[in-house]
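1. for reference, the sequence and a predicted model appear below.
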Amino acid sequence: MLNSNLEILSDYPFQRLRALLDSQPASHGLAPINLSVGEPQHPLPDIVPAALTRDLSALSRYPTANGSPAFRAACADWLKRRYALPDALLDPERQIVALNGTREGLYMLAQVVVPPQKNGQRPAVLMPNPFYQAYIGATAASGAEAVFVPASAENGFLPDFAGVAPEILARTALVYLCSPANPQGTVASLDYLTRLIELARHYDFVIAFDECYAEIYDAAPPPGGLEAAMALSGGRAGEAALNNVVVFHSLSKRSSAPGLRSGFCAGDARITQEFIKLRNYGCAGMMMPVVEASTALWREESHVAANRALYREKFDIAQSILGNRFGFYRPAGGFYLWLDVGDGEAAAVKLWREAGLRTLPGAYLVRDGGDAVSAAAGKPYLRVALVCELEQTREAMQRFSKVLGG
Ligand SMILES: Cc1ncc(COP(=O)(O)O)c(C=O)c1O
C-alpha cells in the first residue's frame, strides 16, 4: 500500500532533536536560545509589508502558475548582476521558475530529471554527506538510489563527485551540490564548479546547484553554477551554455524572509521548461502579494548588504569568544558554525540542560553508512546557527564557552 522507497526517510533531524532534548529538564532559569534551525531572525526588510499589502484584492483570484513577467525579469536581472552574466544568457520567460521557497523546488526537480532507468539500471542521485534534507526526500520520492558522497574535514568539506565509481556515475541522473555549504560553510571554487559541470556533461546528469546561502559570505562573493557554465563556454551565451545546470536561489536567507516562502530556479531551458509544465499540473502558484514583494526584494541590495554585515559581526563575536577552541573556523559563507566538540549529541544535551542552548548534533545531518568515513563526517560536530540578533548571539556564545569549556 505504501511507497517503500520512502522507508529511507525514517529519521528527520528535528524529530530526532525533539526526541533527544524534550524529555530533558530545562536549564536553571535561563531563557532558552534556539540555534538549531537555519531560520534568520533579523528584522524583515521594510519593503516587504508595503509590497505585500499593496493589492490584497489579488487574493480573491488564483495566482498565475509561474510568478509574473516582472518577477521573472527581476530574478534574471539579479542573476546577471550578481554573476556578471551576458544579457542573452537567460530568457526570463523560459528559464526562470518561481518557487514557494527553494525547498519545494529542490524536492520537485528530481521528478523532472530522474528517469525510470538510466543506461538500463536504477538511476542514482548523488548528494554530499552531510546534506540538506530535501535532497534525500526528493531522491526517495523519485525512486532513485541515494548515494552519499563524504564532505568531511579530510576533503576540505567538499564532496569528491569525480571520485565516485564510474559504474555509479553512468547511472547518475542528478547531483546536488550546496555552496556555500550547509552546514560547513565551504565555498566551492570556480574551478571545482567547472569540473563538476564537465563531469555532468560527460555522464549526462543534471546538477542542482543549491545556492541559497550565496549572499551570506565573509570575504568574497561565492562563485555560482551559471558563472561556471559561462566560464566553460568562453563567455558565449548560446543555449547549450547552460546544459545540465540548474541553480536555486532564495529570499529566505538573502532577505531574512523565510516565512515569505519565495525562491526560484534558473538554468538549462530544456529542464526549466519541463519543470514549468509539470508545475502547472500539481503546484500552488506563488501568492500574488508574495510575487510583488519578491520582485521588489530581488531589485534591492542595501538590505542584503546590511544583513551580511550583521552576520560578519556575529562571526566576530563567536571568534572572539571561542578563539580556536572546538575547531572553530570562520566559514567562507552561510551562517553556521560547524564545531568539533568530540561528540555532538552529548554536547547538545549538555548545552540544553546547563545553558538552555538548542543546537543540532552533526550526526543528524549525515547518513551513517556504518563506516568510519561517514561517522567522522558528522558525529564529532555540532551545528550552531547564528540566526539571532547580536546581543543574544553574544549571550549564547558566552554560555556555550562556559558550559563546554574546551
Ligand atoms: C541548504 C539549504 N537549501 C535550501 C533551503 C531551503 O530554503 P527555502 O525553502 O526557505 O528557500 C535551506 C533552508 O534552510 C537550506 O539550508
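-> Right, received. Where do you want to start?

2. got the contact list for residue 261?
-> 100-101, 286, 290 (Cβ atoms under 8 Å, 6 or more residues apart in numbering). Bear in mind the C-beta positions are built from the backbone N, C-alpha and C, glycine included.

3. what is the nearest of those to the ligand?
-> Taking Cβ to the nearest ligand atom as the measure, the ligand sits nearest to residue 101 out of the contacts of residue 261, at 3.0 Å.

4. ok, the closest residue to that closest one other than its chain neighbours to residue 271 distance?
-> The shortest distance from residue 101 to any residue that is not its chain neighbour, by Cβ to Cβ, 6 or more residues apart in numbering, is 4.2 Å, and that residue is residue 261. From residue 261 across to residue 271, the span is 22 Å (Cβ to Cβ, to the nearest Å).

5. compute the first-to-last residue distance for stretch 63-70.
-> Distance across stretch 63-70, first residue to last, is 14 Å (Cα to Cα, to the nearest Å).

6. alpha carbons only: can I get the helix or strand of the chain at the bottom of the mean pLDDT ranking in CSV?
-> Of all the helices and strands that make up the chain, the one with the lowest confidence by mean pLDDT, DSSP states H and E is helix 372-378; it has a mean of 88. Included here for helix 372-378 are C-alpha records, laid out as CSV according to Å, rounded to 0.1, in the frame of the first residue of the first chain:
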residue,chain,number,x,y,z
ALA,A,372,34.4,5.4,9.7
VAL,A,373,34.2,8.0,7.0
SER,A,374,30.5,8.8,7.4
ALA,A,375,30.9,8.7,11.2
ALA,A,376,33.8,11.2,11.0
ALA,A,377,31.7,13.5,8.8
GLY,A,378,29.0,14.1,11.4
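
7. that one packs against which elements?
-> If you count contacts as 3 or more Cβ pairs under 8 Å, 6 or more residues apart in numbering; DSSP states H and E, helix 372-378 packs onto strand 124-129, strand 145-150.

8. a markdown table for the ones you listed, including mean pLDDT?
-> Rendered in a markdown table, the data for those read as follows (pLDDT from 0 to 100):
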| stretch | mean pLDDT |
| --- | --- |
| strand 124-129 | 98 |
| strand 145-150 | 96 |
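
9. out of the contacts of residue 261, who's near the ligand?
-> residue 101 (Cβ under 6 Å from any ligand atom).

10. narrow the contacts of residue 261 to those in helices?
-> If you go by DSSP state H, the contacts of residue 261 have residue 290 in helices.

11. now the buried members of the contacts of residue 261.
-> For the contacts of residue 261, a neighbour count by 16 or more other Cβ atoms under 10 Å gives the buried set as 100-101, 286, 290.

12. which parts of this protein are strands?
-> Using DSSP state E, the strands of the chain run over 33-34, 96-99, 124-129, 145-150, 172-178, 206-210, 245-250, 263-267, 336-340, 357-358, 360-361, 381-385.

13. nice, that's everything, thank you.
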